[in-house]
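Asks: model this:
(4 chains)
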Protein chains: 2
Amino acid sequence: MQRMTRQRAAVVEVLADSEEFRTAQQLHEMVREQGHSVGLATVYRTMQAMVAAGEVDVLRTAEGEAMYRRCAATEHHHHLLCRECGRTEEIDAALVEQWAESVGRAHRFSNIEHTAELFGTCADCAADEDV
Amino acid sequence: MQRMTRQRAAVVEVLADSEEFRTAQQLHEMVREQGHSVGLATVYRTMQAMVAAGEVDVLRTAEGEAMYRRCAATEHHHHLLCRECGRTEEIDAALVEQWAESVGRAHRFSNIEHTAELFGTCADCAADEDV
DNA sequence: ATATCACTTGAGAATGATTCTCATGAGCAG
DNA sequence: CTGCTCATGAGAATCATTCTCAAGTGATAT
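Replies: Modelled structure (predicted):
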């Protein structure tokens, strides 16, 4: 049902060019820097649709802000995010899945979901701070 | 430096009587149901202070809303939260700590922090649904 | 008990992210 | 090309949270 519009294309393109997680606001600004004119509401709508379609990852900062990133892997996974530069590593976490399952079972909870994100300072940024 | 005021006492009491995680808004309402009059801003301020002091746990719902709960354990830990009734299990997650550390090291990230919460349906609520 | 004073409070304004409204615009099937 | 329907955008609306600042009140010394 999704129509391909100029706006949607612009948002998708910016997202595709970006390695890291971005807030909707950042995406909006990036799109206009590219010369396109797209409403903020449209950025939000596009992100919602893509999240629903499993085409992007979402995560929440400690402040509760949503961040989006294109997502190649369709399987469930987690992230390690540099809090300085936003660089993101996609990490495999079979361990966490197992942990979640077993803890859930131990407490007799069903239908377990979980969130898990790591934040840190990447090697490059840590080096910069020594200056 | 924390003064004990009527308002702060009321908030602390409501929190103490509550087993589960509550939003600031819920706490505010509960306090007034108890007959006390406390401003919403004060609830937020009190929660901020208690979080800083490590006396309460915070977590974010998928929608980015903050929820608070009194916290006996002073050590770092995680939660398993029933999405139906809000019931909370405090879980030990030495495994997750180790995982976070080792993943961080593997990617040469320093100063690792992490979030991890589990959501599910507890046995009681699962039983109710069969009706 | 009293005065003192810095820390608290509360009502409402301010902020910031996100969602909604609705009139207008534009894909796309026929 | 036409028409129908969904998409868009500007701004209003919503929601959680924080800020502002005048007025209130613990804690402490007197």
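
Asks: Is DNA strand C within reach of stretch A:54-61?
Replies: No - Stretch A:54-61 does not reach DNA strand C (CB under 7 Å from any atom of the strand); its nearest approach is 7.7 Å. Where C-beta positions appear, they are placed from N, C-alpha and C, glycine not excepted.

Asks: Output that stretch in CSV with nothing but the alpha carbons.
Replies: The C-alpha coordinates for stretch A:54-61 follow below in CSV (Å, rounded to 0.1, in the frame of the first residue of the first chain):
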residue,chain,number,x,y,z
GLY,A,54,11.1,-4.3,10.1
GLU,A,55,13.3,-2.2,7.8
VAL,A,56,14.9,-0.1,10.5
ASP,A,57,16.0,-0.5,14.1
VAL,A,58,14.8,1.7,16.8
LEU,A,59,16.4,2.4,20.2
ARG,A,60,15.7,4.8,22.9
THR,A,61,18.4,7.0,24.5
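
Asks: May I see the buried residues of it?
Replies: Residues A:55-57, A:59-61 are the ones in stretch A:54-61 that count as buried (16 or more other CB atoms under 10 Å in any protein chain shown).

Asks: how much space is there between A:H36 and DNA strand D?
Replies: A:H36 sits 8 Å away from DNA strand D, going by CB to the nearest atom of the strand, to the nearest Å.

Asks: let me fix that: A:C71
Replies: In terms of CB to the nearest atom of the strand, A:C71 sits 20 Å off from DNA strand D.

Asks: In chain A, mark out all the helices, start to finish.
Replies: For chain A, applying DSSP state H gives helices covering A:6-17, A:24-33, A:40-52, A:94-106, A:123-129.

Asks: Indicate which one of those is closest to chain B.
Replies: Chain B sits nearest to helix A:123-129 of all those, at 4.0 Å, using CB to the nearest CB.

Asks: so what does that closest one touch, helix or strand wise?
Replies: Counting contacts by 3 or more CB pairs under 8 Å, 6 or more residues apart in numbering or on different chains; DSSP states H and E, helix A:123-129 packs against strand B:110-121.

Asks: pLDDT below threshold where in chain A?
Replies: Within chain A, the stretches with pLDDT under 70 are A:1, A:72-74, A:129-131.
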